[in-house]
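A.B. asks: Just need the structure, nothing else, for what follows:
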Amino acid sequence: MGEKEWLTVAKAQLTAQVDGRRAMPPAFDAGNVTQRNALLRGIAFGGRFTERVKQFEAQTERSGMAANLGYDIVSINDGEVVYRYTPKARHQNLIGSLHGGILASLLDTAMGAAVMTKLAAGEFHTMTDLSIKFIGAVRDPDEELLIEARVDHPGKRLPATEGVIKNTQGRIIARAIASAIRL
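C.D. replies: Have a look, this model is predicted:
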């Protein structure tokens, strides 16, 4: 199915309901940039961005950073996101602990998703800054981490966010603040 045909079918699905919720268009390909962007822009789906984020994150086949990071979604609510992550061998640094860039990417991804839940259909954003403090090292490859992000202030133009990564004992591994700009 070509891009135009898929978008036509997707738009027709706006009125389709499955269990009281909007149906996912047939043959959705998470690796197809046009389909993925259509989903995020709200071309194919109406309603709150929170629901579109949930639908996007629920795809079984991921691409890009979502596939590389390999996190799981614990919850997505209005202005709040929680992910679960288990360290991957490919994410270790030279001294055998989890690379700080991975921690920063996890926080950036979660905080960006939290901002997305506050946007109206058709709105976009990008992060303008990220300030992170590394508090503890992750040396155990089986240590499960929780990434919690929330929007502190939705703002008209510059949403403010914060995020924290904790291990299962509740010890803080890293915390960050960031701002986004609505495009």
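
A.B. asks: in the chain, which spans are strands?
C.D. replies: Along the chain, counting by DSSP state E, strands occupy 17-18, 21-22, 72-77, 80-85, 125-134, 145-153, 160-167, 172-182.

A.B. asks: Next, format those as CSV and append mean neighbour count.
C.D. replies: Glycine gets a C-beta too; all of them are placed from N, C-alpha and C. Compiled in CSV, these are given as follows (neighbours: other Cβ atoms under 10 Å):
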stretch, mean neighbour count
strand 17-18, 10
strand 21-22, 15
strand 72-77, 14
strand 80-85, 20
strand 125-134, 13
strand 145-153, 20
strand 160-167, 21
strand 172-182, 19
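
A.B. asks: Comparing these by mean pLDDT, which bottoms out?
C.D. replies: Here these differ in mean pLDDT, and the lowest is strand 17-18 at a mean of 42.

A.B. asks: Show me the one of the strands of the chain that comes nearest Leu106.
C.D. replies: strand 145-153 (4.9 Å; Cβ to Cβ).

A.B. asks: how far off strand 160-167 does the closest one point, in degrees?
C.D. replies: For strand 145-153 against strand 160-167, the angle by axes from the mean of the first three to the mean of the last three Cα atoms, to 10 degrees is 160 degrees.

A.B. asks: Hey, what's the angle from strand 145-153 to strand 72-77? Just curious.
C.D. replies: What separates the directions of strand 145-153 and strand 72-77 is an angle of 20 degrees, with the same axes, to 10 degrees.

A.B. asks: now for strand 145-153, which elements pack on it?
C.D. replies: On a contact count with 3 or more Cβ pairs under 8 Å, 6 or more residues apart in numbering; DSSP states H and E, strand 145-153 meets strand 80-85, helix 100-116, strand 160-167.

A.B. asks: In a markdown table: the strands of the chain, plus distance to Ala110.
C.D. replies: Output for those, formatted as a markdown table (distance: least, Cβ to Cβ, whole Å):
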| stretch | distance to Ala110 |
| --- | --- |
| strand 17-18 | 28 |
| strand 21-22 | 24 |
| strand 72-77 | 10 |
| strand 80-85 | 5 |
| strand 125-134 | 11 |
| strand 145-153 | 4 |
| strand 160-167 | 5 |
| strand 172-182 | 9 |
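
A.B. asks: just so I know, which of those strands lies nearest His91?
C.D. replies: Closest of those to His91 is strand 80-85, at 9.2 Å (criterion: Cβ to Cβ).

A.B. asks: one step back: the helices and strands packed on strand 145-153: which one's closest to Ala180?
C.D. replies: helix 100-116 (4.7 Å).

A.B. asks: Only the buried residues of that closest one, if you could.
C.D. replies: For helix 100-116, a neighbour-count test (16 or more other Cβ atoms under 10 Å) marks 102-116 as buried.

A.B. asks: Mean confidence (pLDDT) on that helix, please.
C.D. replies: The average pLDDT within helix 100-116 is 95.

A.B. asks: Could you list every helix and strand in contact with it?
C.D. replies: Applying 3+ Cβ pairs under 8 Å, 6+ apart, one finds that helix 100-116 contacts helix 49-57, helix 64-69, strand 80-85, strand 125-134, strand 145-153, strand 160-167, strand 172-182.
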